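Student: Show me how the following folds:
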Amino acid sequence: MGDPRYVLRQQGTLDDEPEEDTGRLPGNSPEDPSGSEILLERARVVFAAAQSDSRSNQHIAEVDQLVDVAKRMGEVSVVGQLLRYAVVVRLAVDGGEQATREPLAEFEAYCRRNGLLVLLSDAGALRAKVALGSGHEDTAISEIARALAVLDDVDAAEEVRSPHAVLGTVLVDISVVLMALGVFEIADQIMRRAQKVAEATNDTHLEVVLNSNRIFLLLEWGRRLERLNFPDTARQNFVKASMLAKQTEQVFLSSRFPVDPDRPVADQHQALAVAHAYANPGRHHYARLGDRLERATAPHDKIDVALPLARCMEREGEYARATELLSSVVASTAGVRMLFPLLRVSLYRELARMTELAENAQRTGAVQDYIHQLELELWQLRETRMVTLNTRREHERLAREHGAVSAQAMQDPLTELPNRRALTERLLAMSDDARCFPLAIALIDLDGFKLVNDRYSHGRGDEVLRAIANTLREVLRGDDLVARYGGDEFVAVLGGAPLHAAHAALGRAVAAVDRLPEEVTRGVTLSVGVVSMTRTETEAGVLARADAAMYEAKRRGGNTVVVLDGTGDEGVTAGP
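Tutor: Take a look at the predicted model:
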């Protein structure tokens, strides 16, 4: 495999470093980082940069290269995390459904196939986020309910076990969707859970991201309370948000966000600037917020900055200027779908209020009653969303519980592959389906596996079995079946595959295992026998022929594929 630093530099994803440099990236521990940590740290840096500038093609290309390198390393969890970055970087620079469809589908399928529950939950949260951005609120509620149900299966031990704060990041993604849906109480619960993870992992970047979202929640909640005519309680939320922003400023300096040490932190991070302006509006925020408004491209960012800037102008008595500002933002964001639609409600409310102040007008009692009734309707809509969300979450939880019980009977607990019983049922179904023919069957045995158990331990042997099972799953087609037959034997079933295609596919699997690092396989390779099942053949008969082909591969020294035709004559052979 080689040093990941070399691979990344060859692909142009790491800057050149002087020879005396250790190769560590900002944020790594003092110890020499592992190859996986180098990849993940680089992905974090790319994502942070993607949120701050517009070099979209560069960021997307780089994170895709990181995914390719991770796949060659064969570490399942790392590949899953980097596939997530491939999605969120695209969300940061594009945000559209079309840009994220394929990488999101690959991310979700990979997590499901490899049992990565935390990341599978995140796939649901990201789908919900994309759905909200496309205006499909009901779909978003279903997706986030599914994400929460998956997360319910994660035990407490796993919450603090993730060295890269994967769970904390996922919880932030979920909380953002819940905020967008206006269910602030559940969002707050999820954020509190994320806070515990951030404290356990000591991840400063995650802490900044989490605090930024908590600030937005406090401000959005405060704006809602203002519209419901609770100004004092709303004010308390604004002050809390500013206090949290102050705490975050020092942490920001050690995060992965691009930092300019010569500028105040609040000038560099929108959430902090907005929070301080709400808590203490005035002219001293003009330059800072004005700069943020010029930089803002997303509609919700423009509104998020314009609202406190208008408050600052109101404090200075510049009502006409505030009205002009808000009117321009209304015009520039009109008709554009937004992740946080309640921001638009706040925008129109502020515009109406500033217009009255500019014209020295007063609302009539009828208008005030109308606004109050409208806010009550919005509040009731929020209550309906919470009931719908909780109902669907419970439905998903029960469905997963039932599915898990059924799956356990058909799944090998060590490798999470289908077991022998599942293989028998699949073969029976496929043998009755003409569309599955030609039907190739491969028996796969591990060369040198007994030595691993004898020389190291059975625990290390289990690790080798899991690594090889994951590799087989990844190399073969998504609709091919890979099952654990027993011990160190696996069976692959390739529907619609003639012998030459099956030979090529299993040859790639042998080569992929052979390329895995020594510390992963402990020198274990594959011997594979491949045959084509006839329509009248039994499972025992076809596996006996595949077994004979596999033993021929063993006799040839292993690490190879032997294919036998229907008569038992030897066909082609292949090695890596």
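Student: Give me the helix or strand of this protein that scores worst on average pLDDT.
Tutor: Taking mean pLDDT, DSSP states H and E as the measure, the helices and strands of the chain show their lowest mean at helix 4-10, namely a mean of 40.
Student: following it, which helix or strand shows up next?
Tutor: Scanning forward in sequence from helix 4-10, with DSSP states H and E defining helices and strands, the next element found is helix 35-50.
Student: for that following helix, packing partners?
Tutor: helix 4-10, helix 56-73, helix 76-93 (3 or more Cβ pairs under 8 Å, 6 or more residues apart in numbering; DSSP states H and E). For glycine as for every other residue, the C-beta is placed from the backbone atoms N, C-alpha and C.
Student: Repeat the analysis, applying 10 Å as the threshold.
Tutor: With contacts defined as 3 or more Cβ pairs under 10 Å, 6 or more residues apart in numbering; DSSP states H and E, helix 35-50 has these neighbours: helix 4-10, helix 56-73, helix 76-93, helix 166-180, helix 204-227.
Student: how far off helix 76-93 does the fourth one point, in degrees?
Tutor: Compare the direction of helix 166-180 with that of helix 76-93 by axes from the mean of the first three to the mean of the last three Cα atoms, to 10 degrees and you get 30 degrees.
Student: Only the buried residues of helix 166-180, if you could.
Tutor: Along helix 166-180, these residues count as buried under the neighbour rule (16 or more other Cβ atoms under 10 Å): 166-180.
Student: rewinding a little: can you tell which of the helices and strands packed on helix 35-50 is closest to M338?
Tutor: Taking Cβ to Cβ, helix 166-180 is the member of the helices and strands packed on helix 35-50 nearest to M338, at 8.7 Å.
Student: So what's the model's average confidence on the closest one?
Tutor: Confidence over helix 166-180, taken as the mean pLDDT, stands at 89.
Student: Export the helices and strands packed on helix 35-50 to a markdown table and append columns for distance to G486.
Tutor: As requested, those are arranged in a markdown table below (distance: least, Cβ to Cβ, whole Å):
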| stretch | distance to G486 |
| --- | --- |
| helix 4-10 | 36 |
| helix 56-73 | 28 |
| helix 76-93 | 23 |
| helix 166-180 | 33 |
| helix 204-227 | 43 |
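Student: Which of those comes out lowest on mean pLDDT?
Tutor: Of all the helices and strands packed on helix 35-50, the segment with the smallest mean pLDDT is helix 4-10, scoring a mean of 40.
Student: re earlier: looking at the helices and strands packed on helix 35-50, which is buried most?
Tutor: helix 166-180 (a mean of 26; mean count of other Cβ atoms under 10 Å).
Student: Only C-alpha atoms, please: export that one in CSV.
Tutor: Once non-C-alpha atoms are left out, helix 166-180 reads as follows in CSV (Å, rounded to 0.1, in the frame of the first residue of the first chain):
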residue,chain,number,x,y,z
VAL,A,166,-18.1,10.6,14.3
LEU,A,167,-21.1,10.4,16.6
GLY,A,168,-20.8,14.0,17.6
THR,A,169,-20.8,15.1,14.0
VAL,A,170,-23.8,13.0,13.2
LEU,A,171,-25.7,14.4,16.1
VAL,A,172,-25.0,17.9,14.9
ASP,A,173,-26.3,17.0,11.4
ILE,A,174,-29.5,15.6,13.0
SER,A,175,-30.0,18.7,15.2
VAL,A,176,-29.7,21.0,12.2
VAL,A,177,-32.6,19.3,10.4
LEU,A,178,-34.7,19.4,13.6
MET,A,179,-34.0,23.1,13.9
ALA,A,180,-35.0,23.6,10.3
